[in-house]
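In: quick one: sequence plus predicted model below, questions after.
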Amino acid sequence: MHRSLTSSTLAELRRPRPYPAVTVVLPTHRREPDNAQDPVRLRNLLAEAKERLRADPAVTAERAADVSGRLDKALEEVDLVHAEDGLVVLAAPGEHQVWSLARSVPARVVLADTFLTRNLVAARAAERPYWVLAVSADRVTLWSGTPERVTEHQADGFPLTRDLEDPDAQRKERIGDLPSTFQDEQTRTFLREADQALTAVLRAEPRALFVAGEAAALSLLDDVGSAADGATPIRHGGLAQGPANAVHEAVRPALAQRAEAEQAAALKELDGAQGRKQYAAGLDEVWQNAMTDRVGLLAVEDSYRATVRDHGGHLVPAESGDLDARDDIVDEIVERALDGGAEVRFLTEGALADRGRIAAVLRY
């Protein structure tokens with residue numbers, strides 16, 4: 001359930017499906033006693049989805065059976081023992097997926113000709129995914145990271161490995177011609193190949209990059225290529241072999257520094273926009289501008305959630321369960337802003353207290 005939610009994955013999830021594409025969304029809990037009822041709630045939502053499939057006149061019995069079977073297979077893959085804050089189950093004819101989110105979501109069942117992706121989109125934006133390249137003389141690994149964890153990226157040529165044994169080492173040592181590990185041509189060639197592989201990954205999936213390794217390894221990587229230009233160096237050897245928790249711990253201080261700097265920059269941009277009258281604050285005002293693609297930068301407190309309904313073209317507070325209530329309006333705004341080309345930054349709780357907890361820099 002803890003796969004990397006990439007841009008290409010989201011694009012694939014958002015394409016039209018043969019009806020019905022079923023989305024089941026459930027808030028989950030990490031600890032007892034709150035998590036005790038998660039399995040029951042999940043089974044109830046899946047049962048509701050199956051009942052709606054059977055009752056829908058637009059769904060044939062054969063297709064209802066197919067998608068119901070996919071929901072059953074998805075249930076087998078759910079790991080609530082290691083649950084985070086939200087769960088999304090997707091099922092359509094011939095396919096199913098399960099996604100665990102480090103972001104709370106409202107419970108719902110949706111049948112449509114596309115999957116409901118706004119919660120996935122917002123969760124990915126909030127995670128601010130990054131890459132960690134771990135470099136050594138004989139192994140280069142790439143790790144996909146979120147604030148919660150890193151997982152090894154085993155694709156696109158990674159990991160790169162080689163044998164350090166030099167068959168002519170004894171002769172070279174006798175005549176004093178055995179170069180140090182990070183000076184020989186074989187190592188230069190090896191790291192040049194790593195640089196080329198990294199270039200391709202960053203072109204397909206641009207993210208913040210951290211590069212970890214001994215100082216000599218980082219220096220040589222800079223010398224032989226340019227993919228890591230602008231990356232944050234982590235001078236910590238021994239990480240190319242992992243494990244994942246060691247890589248995550250090594251990068252954690254740099255992640256905290258990056259988040260602090262980005263928050264300060266976002267607040268500065270909001271102040272400047274307010275002075276230029278290119279500014280919106282509060283849920284309704286930001287929503288109005290997001291719907292017309294005027295948002296250039298969206299800033300929202302990470303923990304901010306709101307339930308509203310549309311009343312005469314404006315958002316007004318509502319209770320969950322009210323007719324026409326929209327429980328995930330913040331995620332809806334995030335998705336729409338991203339679709340309109342905006343940059344989205346999630347800030348710490350209280351950072352936007354005087355701005356209605358959500359604010360935007362407008363394009364005009």
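Out: On my side now, so go ahead.
In: what is the helix or strand hosting Gln186 packed up against?
Out: Counting by DSSP states H and E, the element that carries Gln186 is helix 185-204. With contacts defined as 3 or more Cβ pairs under 8 Å, 6 or more residues apart in numbering; DSSP states H and E, the packing partners of helix 185-204 are strand 130-135, strand 139-145, strand 160-161, helix 215-224. (Glycine included, C-beta is placed from N, CA and C.)
In: most tightly surrounded among the ones you listed?
Out: Counting by mean count of other Cβ atoms under 10 Å, strand 130-135 has the highest mean neighbour count of the helices and strands packed on helix 185-204, with a mean of 26.
In: what strands line up against that strand, and which way round?
Out: According to DSSP bridges, strand 130-135 forms sheet pairs with strand 139-145 (antiparallel), strand 208-213 (parallel).
In: got a list of contacts for it?
Out: 140-146, 150, 153, 191, 194, 198, 201-202, 207-213, 217-218, 221, 228, 231, 234, 239-240, 242, 247, 251, 255 (Cβ atoms under 8 Å, 6 or more residues apart in numbering).
In: just confirm Val89 is within a helix.
Out: No. Counting by DSSP: H, G, I helix; E, B strand; the rest coil, Val89 falls outside a helix, being strand.
In: let's see the pLDDT reported for it.
Out: Per-residue pLDDT puts Val89 at 98.
In: over to Ser8?
Out: Note for Ser8: predicted pLDDT of 85.
In: packing partners of the strand or helix carrying it?
Out: Assigned by DSSP H and E, Ser8 belongs to helix 7-13. Counting contacts by 3+ Cβ pairs under 8 Å, 6+ apart, helix 7-13 is packed against helix 118-127.
In: need the contact partners of the helix it packs on.
Out: 5, 10, 13, 25, 86, 88, 99, 101-103, 105, 146-148, 302, 328, 330-332, 334-335, 338, 344, 346.
In: quick check: PyMOL command selecting the buried ones in those residues.
Out: Buried members of those, defined by 16 or more other Cβ atoms under 10 Å, are picked up in PyMOL with:
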select buried, resi 5+13+25+86+88+99+101+102+103+105+146+147+328+330+331+332+334+335+338+344+346
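In: could you pick out which of the contacts of helix 118-127 are located in helices?
Out: Assigned to helices by DSSP state H, the following of these qualify: Leu10, Leu13, Val330, Asp331, Glu332, Val334, Glu335, Leu338.
In: distance check, the fourth one against Val22.
Out: As judged by Cβ to Cβ, to the nearest Å, Asp331 and Val22 stand 19 Å apart.
In: tell me the domain ranges of this structure?
Out: Following automatic domain parsing, the chain resolves into domains at 7-125, 130-258, 278-362.
In: do a quick rundown of the strands in the stretch 201-350 of the chain.
Out: Ranges of strands in the stretch 201-350 of the chain, per DSSP state E, counting those that start in this stretch, are 208-213, 232-235, 279-281, 295-301, 308-311, 314-317, 343-347.
In: re earlier: CSV for the strands paired with strand 130-135, including distance to Gln183 and mean pLDDT?
Out: Shown next, in CSV, are the strands paired with strand 130-135 (distance: least, Cβ to Cβ, whole Å; pLDDT from 0 to 100):
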stretch, distance to Gln183, mean pLDDT
strand 139-145, 17, 96
strand 208-213, 15, 96
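In: who are the packing partners of the longest helix seen in the chain?
Out: Assignment by DSSP H gives helix 244-275 as the longest helix of the chain. Judged by 3+ Cβ pairs under 8 Å, 6+ apart, helix 244-275 is in contact with strand 130-135, strand 139-145, strand 150-152, strand 208-213, strand 232-235, strand 295-301, strand 343-347, strand 358-362.
In: so which of these gets nearest Glu77?
Out: Among the helices and strands packed on helix 244-275, the nearest to Glu77 by Cβ to Cβ is strand 150-152 (16.7 Å).
In: show me what counts as buried in the closest one.
Out: Residues of strand 150-152 classed as buried: Val150, Glu152 (neighbour count, 16+ other Cβ under 10 Å).
In: in its sheet, what does that strand sit against?
Out: Short version: by DSSP bridges, strand 150-152 pairs with strand 139-145 (antiparallel).
In: relative to helix 244-275, how tilted is the strand it pairs with?
Out: Counting by axes from the mean of the first three to the mean of the last three Cα atoms, to 10 degrees, strand 139-145 points 50 degrees away from the direction of helix 244-275.
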